[in-house]
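Asker: I would like to see how this sequence folds:
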Amino acid sequence: MTTRETIWRTKPCPDGARKLMECTGITPLQAQLLVQRGISSEEEASSFLNPRLSQLREPFHMKDMEAAVDRIVWAAERGKTVCIYGDFDADGLTATALLCRFLSELGLDVLSYIPSRLEEGYGLNHEAMSTIAESRAKVIVTVDCGSTDLEEIDHALGLGLEVIVTDHHKVPDDLQPPCPLINPHRSGCPFPFKELAGVGVAFCLAAAVRAGLRRKGRFGATREPDLRRLLDLVAIGTLADMVPLVQENRILTTAGLGVLQATSWPGLTALQGVSGISPALVSYEDVAYRLAPLINAAGRMGSALEGLEILTTSDTAVARDLSERLLSLNRERQASENRILERVKSELPSPADMDGRRTLVIWGAGWHRGVLGIVASRLVEQYNRPVLVLSTQNGIAAGSGRSIQGFDLHNALLGLRPILKTFGGHRHAVGLSLDAKDLEALCRGLEEAGREQLDDSDLSPTVETDLELPPSRITCDTVDEIEKLGPFGTGNPQPVFLGRGLKVLEARVVGGRHLKVLLSCDGAVHESIGFGLADRSVPLQKGDRIQAAYTPMMNRWQGIERLQLKLIALDYDSSTA
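Answerer: Now for the predicted structure:
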């Protein structure tokens, strides 16, 4: 069960739902959910429910896009070799694969460089710039990194390289880059949508380069690259990076999921196979929780190059072998993560006995740095506090942090910048390193920020539901209504309903972490699954009456579909006590 301090809230029924339903012909449930998401006009609803690629904004509105296109066109016309420098996560790898494929199709000689998470860390570094300069590459295009690596960019320029940066991370307002820098967050960038993933920015660059070459008459006798074939990569990177699924991101992801159903890339087909995904039914959850972790596993556990190779290979046999390798690496990742979690949980007090602490900073010697961000996320789920998890080695502590709603972790660490060696991220997730001797100072500084910004109510787990809806009223048609509002994720959360007075018929733990419950409501029996709820619940007893926050879904496996409830949270139902 959730703790007694858990706050349960159901959103009020919004005004305007009936009017939206009448003018659009959508169902009452869809109308209420859309208005709750700030969509109240017929035009907004039509755009949301029918996202089209034609709705994408002009990429040339991005600051420095013209200059970047000119340099890539220059490289294409003179046969210069281009190196794509990417990040080691799924967003960076899909962005790297996208530009490698696109530029290769244009006839350019393309190389790639992915830094090692464990040995080089995030972003550009001097040694990598020198290595690239010693190759045949003359132009570096970064994806998902590089915005603030000004010293490294200057080093590359001094070596005679052209540099173009594409990124989506936040940057200082006074940033003065020495090269074209395409980042919607830049001060003075007129592009109206700021929340693209790194792969989304890379796609915009590809679209602009194609338009630039078209203006020069490049495609008079040759076929233009079909950018739609790259949208499966855009969908994977966007969903993996958990950016808001609205506007451009919603358009690109919706189209990309459609492309992924019939992908032409052997690696993606192989990954779907080992993940147990039916290509014709691939969903946003399949991508976010099955495909993306496999792609990320390579960078987390060793070299991200295998993750990039499976996204670019045209060899079916190689793709099959790589998919099995990534599946094995992901299992190693899960085992390493669980080992660290078990040790941490054995040393920490329970969430109810935190003795007033607002934040958590945890470290251990030799912990695998590739899984620390996931460990931090799991601890945030359990303790509902900002968490930093670090590994110490040779006098250096390095790791990741995750935060809760209402606490800007990036901003809090800005105040501790003097003791940090490296640092970057955003309000909800950060990466950092510092001298191990400064860990206690880090604890004190973060706790001070927590006491300034968080009160007891912020630390109480909150369960928010869209409306009260008994599971007995859920049908397959209801699930279909809901799925038309997808893809879901940050910015467009999956609808969650409140069910009261549910009777437990059977409950058991599956997979070590998940809770499988058979529930009865108004005489109807419902299968339900609570992912990750086993370690946040007390054992359920047959006959218990509970309330549940849930999302209805179709469980599709080996061609069989059945209605199932995905449990978000459980608690005793006081109204039946």
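
Asker: Look up the closest residue to Ile114, ignoring the ones flanking it.
Answerer: Using Cβ to Cβ, 6 or more residues apart in numbering and skipping the chain neighbours, the partner closest in space to Ile114 is Ala304 (4.7 Å). Where you see a C-beta, it was placed from the backbone N, CA and C, and this is true even at glycine.

Asker: That neighbour: neighbouring residues, count only.
Answerer: 27 (other Cβ atoms under 10 Å).

Asker: now swap in Pro418 and tell me
Answerer: Pro418, neighbours per other Cβ under 10 Å, totals 9.

Asker: pLDDT at Gly220, what is it?
Answerer: With respect to pLDDT, Gly220 scores 76.

Asker: Would you confirm that it belongs to a helix?
Answerer: No: going by DSSP: H, G, I helix; E, B strand; the rest coil, the assignment for Gly220 is coil, not a helix.

Asker: ok, back up a step: now for the residue nearest to Ile114: which residues touch it?
Answerer: Phe88, Asp89, Gly92, Leu93, Ile114, Ser116, Arg117, Ala298 (Cβ atoms under 8 Å, 6 or more residues apart in numbering).

Asker: Same list, these, but as a markdown table with secondary structure and distance to Gly370 please.
Answerer: Converted to a markdown table, these look like this (DSSP: H, G, I helix; E, B strand; the rest coil; distance: Cβ to Cβ, whole Å):
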| residue | secondary structure | distance to Gly370 |
| --- | --- | --- |
| Phe88 | coil | 9 |
| Asp89 | coil | 10 |
| Gly92 | helix | 14 |
| Leu93 | helix | 14 |
| Ile114 | coil | 14 |
| Ser116 | coil | 10 |
| Arg117 | coil | 6 |
| Ala298 | helix | 10 |
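
Asker: Make a PyMOL selection of the buried ones in those.
Answerer: Selection of buried members from these for PyMOL, criterion 16 or more other Cβ atoms under 10 Å:
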select buried, resi 88+89+92+93+114+117+298
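
Asker: in stretch 39-52, what counts as buried?
Answerer: For stretch 39-52, a neighbour-count test (16+ other Cβ under 10 Å) marks Ile39, Ser40, Glu44, Ala45, Ser47, Phe48, Pro51 as buried.

Asker: can you list the residues you listed in JSON lines and add distance to Val259, secondary structure and pLDDT?
Answerer: Shown next, in JSON lines, are the buried residues of stretch 39-52 (distance: Cβ to Cβ, whole Å; DSSP: H, G, I helix; E, B strand; the rest coil; pLDDT from 0 to 100):
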{"residue": "Ile39", "distance to Val259": "25", "secondary structure": "coil", "pLDDT": "92"}
{"residue": "Ser40", "distance to Val259": "31", "secondary structure": "coil", "pLDDT": "91"}
{"residue": "Glu44", "distance to Val259": "26", "secondary structure": "helix", "pLDDT": "92"}
{"residue": "Ala45", "distance to Val259": "25", "secondary structure": "helix", "pLDDT": "93"}
{"residue": "Ser47", "distance to Val259": "21", "secondary structure": "helix", "pLDDT": "92"}
{"residue": "Phe48", "distance to Val259": "20", "secondary structure": "helix", "pLDDT": "93"}
{"residue": "Pro51", "distance to Val259": "14", "secondary structure": "coil", "pLDDT": "95"}
